[in-house]
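Novice: Give me coordinates for this.
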Amino acid sequence: MAELRFHGPNAGYVLELYERFQRDPASVDEGWRAYFASISPADLAALDAAGAPPPAASGPAASAPGATPDLDRLFSARELGRTIRARGHTAARLDPLGANPAPDPVLDIARYNLTEAELAQLPPRTVYGHDPRSASALDEIQRLRRIYMGTVGYEFLHLPDPDERAWLREAIESGAYSRPLPAERKRALLDRLSQVEGFERFLHRAFFGQKRFSIEGTDAMVPILDEIIGEAAAAGADDVLIGMAHRGRLNVLTHVLGKPYAMMLAGFKVAQQAVGKDEQQNSDEPSGDVKYHMGWADQREVRGRTVRVRLSPNPSHLEFVNPVVVGMTRAAQDDTSAPGAPRLERARGVAVVIHGDAAFPGQGTVPETLNMQSLPGYTVGGTIHIIANNQVGFTTDPQQGRSTRYSSDVAKGFEVPVVHVNADDAEACLSVARLAYAYRQRWGKDFLIDLVGYRRWGHNEGDEPLFTQPVMYGIIKDHPTAREAFARRLVDEGVMTQAEADAAYQRVLDELGRELESLGEAPKVTVHDEPPSRNGKPPRATAVAKDTLLELNRALLTRPEGFAPNARLEKVLQKRGEAENGERNIDWGHAEALAFASLLAEGTPVRMTGQDVERGTFSHRHAVLRDANTGARLNVFHTLPQAKASFEIHNSPLSEMAVVGFEYGYSVGDPEALVLWEAQFGDFVNGAQVIIDQYLAASYQKWQQRSGLTLLLPHGYEGQGPEHSSARLERFLQLCAENNLRVANCTTSANYFHLLRRQAAMLHADPRPLVVMSPKSLLRHPLAASSIDQLAQGTFQPVIADPVAAERAEGVTRLLLCSGKVYVDLVGSSDDQRKERAAVEGIDRVAIARVEELYPFPVEEIAALAATYPNLREIVWVQEEPRNMGAWTYVAPRLVDALDVPVRYVGRADRASPAEGYQHRHQQEQNRIVFAALGGAPEVGSPARGGEKLIGKRK
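Specialist: This next block holds a predicted model:
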C-alpha cells in the first residue's frame with residue numbers, strides 16, 4: 001500500500017477537517033466524510049510534528065481506478081477545483097479583442113504536483129460539488145474550466161454568507177440559467193443585434209460627425225436589458241427603472257424604451273439647422289437638453305404583462321443618476337396609502353443602473369449608492385448593475401484610471417457578486433442577465449454584470465482614437481461586430497443562411513431610410529409629455545383649526561402601555577402639552593411635528609431622511625423614541641389615530657451626494673409625498689452640489705422633470721466655526737431663475753409650520769424644490785416660538801414687518817431688512833441686550849423687518865412695506881454672512897430696482913472663509929454688525945466701516 005504523507009499546511013488542514021468531522025460529520029463535504037469514516041483516529045495521529053506516515057486506507061482514495069493515491073493528491077485536486085472557482089475568471093476569455101491579462105499562476109496544475117493522468121485516476125467526488133455524470137476528477141476539473149474559464153468569469157467567493165455562495169455555485173454549475181437557446185430565439189436575438197447595429201451605422205452615415213456616443217462594441221447591452229425586463233415582468237413587476245450615462249443611450253431609448261425612430265431622426269435633423277443669431281428663447285419654454293441626456297417612459301407588453309419602463313434623464317456627470325434611479329424605484333415600491341410605515345413591495349419595481357468602466361471606480365457616488373443596498377430606508381431589494389466596459393475612459397487607459405484589476409472591484413467591498421462576460425458572446429450575456437435577476441429575487445441584494453466590450457469609435461464620433469490608443473484601434477478596425485460574429489455562428493450551426501442574416505440587417509437600414517425620408521426638410525420635434533404649468537399660485541389657507549391641532553398634539557404625546565422614554569426627554573416632551581392651555585408657546589420642533597401630523601391627517605404621505613434626523617441633530621425632533629429599559633423603538637407618527645397616509649423617517653448614512661440624489665428620485669417617483677432631507681449642518685449640503693446643480697435647480701428646464709423635494713439646512717452664525725455656520729445661501733440664490741426653486745429663511749415656528757404645509761399643498765399645483773435655511777439656536781429660542789393661535793390662523797408670510805415700528809411709522813427713517821437668525825441679534829436675546837439696543841442714539845427712527853422668503857423674491861411686499869414709512873431715507877440690508885456670501889449680492893439689485901431710497905449693506909466684509917473660527921472673534925463681529933446697523937458706533941478693534949456699502953438708485 002502507498003503511504004499517506006502530508007506537507008506544509010496540508011496536515012493542519014486535514015486535522016482541522018477531521019476534528020470537525022468528529023464533532024459533526026455533516027459539517028464536511030461527502031468526499032471527506034467518506035474518507036474519514038474509513039480510517040481510525042490512530043491513522044490521523046501520525047499527522048504530528050514528527051511527520052510519521054499513517055497506513056494507507058480504504059475508502060475514496062483506495063477505490064479509485066489503478067494505484068491507490070495518497071491523501072496529498074486528494075487534497076491538491078480538491079484545492080485545484082476550489083481555486084478554479086475562485087480565480088478562474090482571470091483566465092476567462094473576457095476581452096472580445098483578445099487582450100486578456102495573464103491568468104493567475106495558481107491555476108497552473110503543476111503548482112499542485114498533479115498531472116492530468118493522476119487526476120484521471122481520482123474519483124469525481126474528490127472535487128467538491130462534482131457533477132454525478134463526471135467519470136473522474138479530471139472530467140470534473142475540465143468541466144469547471146469550461147464553466148469558470150470560458151467567456152464568463154465569476155466572482156462570488158468574497159460573499160460572507162455561505163448560503164449565498166452555495167446558491168450561486170449551484171446556479172452557475174447546474175447550467176440552470178445558461179440553457180441553450182432554441183433556433184427561433186437565436187433568430188430573434190440576431191434580429192435584435194441587427195436593430196442595434198443598423199441604427200448606429202445608419203446614424204453614422206446620415207449624420208456624420210454628430211455626437212451620439214454609440215453603443216457599438218457593447219451591443220449586447222440591449223438584449224441584456226430585454227432579458228431583465230422580461231424576467232421582471234414574469235416576476236410581477238410593474239416598473240423597471242433604468243439609469244445610464246450617454247454611452248449607448250440613444251440605442252436604449254429607441255429599442256428598449258420604444259422611442260420612435262422618427263423622433264430620434266428628427267432630433268438629428270433639427271441639430272443640423274442653424275438658429276438665427278437674434279433669436280432668444282421664450283423664458284416660459286423649457287430649454288431642453290442634448291439628445292443623449294434625455295429620459296423617456298413607455299409601456300411594454302412583455303410575457304403577457306404590461307410593464308412600465310422608464311429611463312431617467314442624466315447629465316454628463318456620469319454616475320450621479322445612480323441614487324436618483326434607486327430613489328425612484330423605492331417610490332415605485334412603497335405603498336404610502338395607509339398609516340404607519342409604507343408597505344415595501346420590492347417586486348413592484350426593479351432598478352437597473354448602467355455604468356462606465358472608468359467612472360465606476362472613479363466617482364464617489366458609486367460606493368455611496370452601493371452602501372445603501374441593505375439599509376432600511378433605502379433598500380430596493382437589489383439593484384442590477386451593468387458596467388458597459390469600453391476598456392478605455394475618454395482617452396485614458398485602465399492603468400491610469402484605477403488601481404485594481406477590474407473596474408468592478410469596488411463592488412466586492414459591498415458584498416456584491418460580480419460576473420464578467422464577453423460582450424461578443426450574445427448567448428452568454430443573456431444567461432448572465434437571467435442569473436442576475438434570479439439572484440436579486442432570491443437574496444434581495446445588488447448584482448453586477450461587467451459587460452466587457454470595446455468602443456468602436458472615439459469617445460464621441462468626432463474624436464480620433466488612433467491618436468491615443470493606436471494598437472487597440474488597429475485591432476478594432478478589423479474586428480467583426482457582435483452581429484456579424486453571431487450571424488456567422490448561426491450560419492455554421494445551420495440555423496439560417498448568410499443571405500437571411502444579411503436580409504435581417506438590411507431591413508433595419510431600409511426602415512430607417514424610409515423614416516428619414518418621410519421627415520422632409522423641417523421636422524417637428526415634440527416632447528413626450530406636455531410640461532405642466534409652473535404658474536400655480538401658493539395656497540392662502542395653510543392654517544389648521546385649533547381644536548384639530550390640540551387633538552393631534554394629544555395623540556403625539558400618547559405612549560403605549562409600559563413604554564418608558566428617557567425620563568429627562570419625557571419631561572421635555574410633556575411640556576408640549578402645555579400648549580393646550582396657552583402656558584407655553586410652540587417651538588420649532590413642536591411646530592414641525594404638528595405640521596407633519598396635520599398633513600398625515602389630510603392624507604399626504606411624509607418621508608424624511610438625513611443624518612440623525614430621527615432625534616434631530618440638535619435634539620429637537622424626537623420623532624422616534626427609545627424605551628429607556630428595553631431600547632424598543634416608537635415612531636410617534638405611526639400611532640397617530642388621525643393619520644390617513646404613511647410616515648417614514650430614517651437616519652441616513654454619512655453621505656450627502658447619494659442620499660440627496662435618492663430623495664430627489666423618490667420625490668420624482670412619488671409626487672404625492674412630502675419628501676424632506678435634513679443636513680446635519682447646512683454646510684454639508686455642498687457634498688451634494690452636483691445633484692443640486694444638475695437636478696434640483698435645472699431638471700424642469702432641461703427635462704420637464706418635476707420635484708417637490710424639501711431641503712432643511714441648519715444655518716446661522718453662533719460661533720461654531722467656518723464649517724458649522726453657513727449653508728451657502730448664496731449658492732442657492734445664484735441658481736434661482738425661471739421659478740425653479742423656493743428659498744426661505746424663517747424666524748418663527750408658525751411661519752415654518754405654514755411653509756411646510758404650503759409646500760405640501762403645492763405638490764399638486766406647482767411642485768418645486770424648497771430650500772430652507774433652518775435654525776440652530778432659534779430652535780428653542782423664545783423669540784422664535786409661536787402661539788398655537790398663530791398656527792391656527794393666517795398663512796406663510798414672505799415678509800414680516802416690525803410690529804413695534806408700526807406705531808411710529810411717521811418717524812422711521814431707516815428700515816433694516818434681514819433674513820433669519822440675525823434678526824434675534826438685532827432685537828436682542830435678553831433683557832440686558834434689549835436695554836443696550838434701546839439706548840442706541842436714534843433707535844426710535846429704525847424699523848426692523850424680516851424677509852422670510854428670498855426666492856421668489858417678495859418685491860411687491862417689500863415695496864408695500866417701505867411705503868408705510870413716509871419719511872424713509874435709507875434701506876439697510878443686514879446679514880451675518882460675509883458680503884460675498886449670504887443674500888446681499890442677490891437682493892441688492894432687486895432692492896435698488898424696486899425702491900426709491902438708497903440701499904446700504906451692513907455685515908461682514910468679503911471673506912474667503914464663511915465664519916470666524918474663534919468664539920471671541922465671532923462675538924466681536926456680531927456686535928459690530930448689530931450696532932452698525934442700528935446706527936451706533938462699530939465695536940472697538942473692528943474695521944470702522946469694513947462691512948458697509950452704499951448703493952444709489954439705479955438710473
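Novice: and Ile228, what element?
Specialist: Here Ile228, judged by DSSP states H and E, is contained in helix 221-234.
Novice: Can you name the element that comes right after that helix?
Specialist: Using DSSP H and E, the helix or strand that follows helix 221-234 towards the C-terminus is strand 239-244.
Novice: Check which residues of the biggest helix by length in the chain are buried.
Specialist: In the chain, taking DSSP state H as the definition, the longest helix is helix 183-206. In terms of neighbour count (16 or more other CB atoms under 10 Å), helix 183-206 has its buried residues at 186-187, 189-204. C-beta here means a position set from N, CA and C on the backbone, and glycine is covered the same way.
Novice: Same question for stretch 872-885.
Specialist: Quick answer for stretch 872-885 (16+ other CB under 10 Å): Leu872, Ile875, Val876, Trp877, Val878, Gln879, Glu880, Glu881, Pro882, Arg883, Met885.
Novice: Need the pLDDT of Pro532.
Specialist: Turning to Pro532, the model gives it a pLDDT of 45.
Novice: now Ser283
Specialist: Looking at Ser283, the pLDDT reads 49.
Novice: Ok, Thr254 next?
Specialist: You'll see Thr254 listed with a pLDDT of 95.
Novice: Who are the contact partners of it?
Specialist: Shown in contact with Thr254 (CB atoms under 8 Å, 6 or more residues apart in numbering): Phe199, Pro260, Tyr261, Met264.
Novice: Derive a PyMOL selection command for the buried subset of those residues.
Specialist: The following PyMOL line selects those of those that are buried, judged by 16+ other CB under 10 Å:
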select buried, resi 199+261+264
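Novice: The contacts of Thr254 into CSV, with extra columns for pLDDT, distance to Gln210 and secondary structure?
Specialist: Listed next are the contacts of Thr254 as CSV, based on pLDDT from 0 to 100; distance: CB to CB, whole Å; DSSP: H, G, I helix; E, B strand; the rest coil:
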residue, pLDDT, distance to Gln210, secondary structure
Phe199, 96, 14, helix
Pro260, 93, 19, coil
Tyr261, 94, 16, helix
Met264, 91, 12, helix
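Novice: Please report phi then psi for Ser178.
Specialist: phi -120, psi 30 (degrees, to the nearest 10).
Novice: That one: what's it in contact with?
Specialist: Taking CB under 8 Å, 6+ apart, one finds Ala428, Ser431, Leu435 in contact with Ser178.
Novice: how does it look with 10 Å?
Specialist: By CB atoms under 10 Å, 6 or more residues apart in numbering, Ser178 lies in contact with Ile147, Gly150, Val152, Ala171, Ile172, Glu427, Ala428, Leu430, Ser431, Val432, Arg434, Leu435.
Novice: Show me these that map onto strands.
Specialist: Within those, residues falling in strands by DSSP state E are Val152.
Novice: Pretty sure Val127 sits against Ala137.
Specialist: Yes: counting by CB atoms under 10 Å, Val127 does reach Ala137; the two are 5.4 Å apart.
Novice: For Pro714, name its beta-bridge partners.
Specialist: Ser774 (DSSP bridges).
Novice: For it, list the residues it contacts.
Specialist: Counting by CB under 10 Å, 6+ apart, Pro714 touches 616-618, 678-685, 720, 724-725, 727, 772-777, 779.
Novice: now Ser136
Specialist: Going by CB under 10 Å, 6+ apart, Ser136 touches 64-65, 77, 116, 119-124, 126-127, 130, 142.
Novice: are any of the residues you listed buried, and which?
Specialist: Applying 16+ other CB under 10 Å to the contacts of Ser136 flags Ala64, Ala77, Leu119, Ala120, Gln121, Leu122, Pro123, Pro124, Thr126, Val127, His130 as buried.
Novice: can you tell me how far Leu435 sits from Arg169?
Specialist: From Leu435 across to Arg169, the span is 12 Å (CB to CB, to the nearest Å).
Novice: More neighbours: which of those two?
Specialist: Set Leu435 next to Arg169 and count neighbours by other CB atoms under 10 Å: Leu435 wins out with 22 against 17.
Novice: Now do the contacts for the residue nearest to the more buried one when sequence neighbours are not counted.
Specialist: Nearest residue to Leu435, sequence neighbours excluded (CB to CB, 6 or more residues apart in numbering): Tyr177, at 4.3 Å. By CB under 10 Å, 6+ apart, the contact set of Tyr177 is Ala171, Glu231, Leu430, Ser431, Val432, Ala433, Arg434, Leu435, Ala436, Tyr437, Ala438, Tyr439.
Novice: ok, the fourth one - contacts?
Specialist: Spelled out, it's Ser431. 152, 172, 175-181, 227, 419, 421, 425.
Novice: Check the fifth one too.
Specialist: Contacts for Val432 (CB under 10 Å, 6+ apart) come out as 151-152, 154, 177-178, 220, 224, 227, 386, 419-421, 425, 447, 449-451.
Novice: Am I right that Arg757 falls within a strand?
Specialist: No: counting by DSSP: H, G, I helix; E, B strand; the rest coil, Arg757 falls outside a strand, being helix.
Novice: Which SSE is immediately downstream of the strand or helix carrying Leu599?
Specialist: Element membership for Leu599 (DSSP H and E) is helix 588-601. Where DSSP H and E defines the elements, the next helix or strand beyond helix 588-601 is strand 606-610.
Novice: and that following strand, what does it pack onto?
Specialist: helix 588-601, strand 647-651, helix 657-669, strand 674-678, strand 710-714 (3 or more CB pairs under 10 Å, 6 or more residues apart in numbering; DSSP states H and E).
Novice: Direction included, what does it pair against?
Specialist: Pairing partners of strand 606-610, with direction, according to DSSP bridges: strand 647-651 (parallel), strand 674-678 (parallel).
Novice: The most centrally placed residue in the chain: which element?
Specialist: Centroid-nearest residue in the chain, with CA atoms, centre = their mean: Pro323, separated by 1.3 Å. Using DSSP H and E, Pro323 falls within helix 321-333.
Novice: Alpha carbons of that helix, as PDB, please.
Specialist: C-alpha atoms of helix 321-333 as PDB (Å, rounded to 0.1, in the frame of the first residue of the first chain):
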ATOM      1  CA  VAL A 321     -28.100  59.200 -11.800                       C
ATOM      2  CA  ASN A 322     -27.400  56.100  -9.700                       C
ATOM      3  CA  PRO A 323     -29.000  57.200  -6.500                       C
ATOM      4  CA  VAL A 324     -31.800  59.000  -8.400                       C
ATOM      5  CA  VAL A 325     -32.900  55.900 -10.100                       C
ATOM      6  CA  VAL A 326     -32.700  53.900  -6.900                       C
ATOM      7  CA  GLY A 327     -34.800  56.500  -5.200                       C
ATOM      8  CA  MET A 328     -37.400  56.400  -8.000                       C
ATOM      9  CA  THR A 329     -37.500  52.700  -7.600                       C
ATOM     10  CA  ARG A 330     -38.100  52.900  -3.900                       C
ATOM     11  CA  ALA A 331     -41.000  55.300  -4.500                       C
ATOM     12  CA  ALA A 332     -42.400  52.700  -7.000                       C
ATOM     13  CA  GLN A 333     -42.200  50.000  -4.400                       C
END
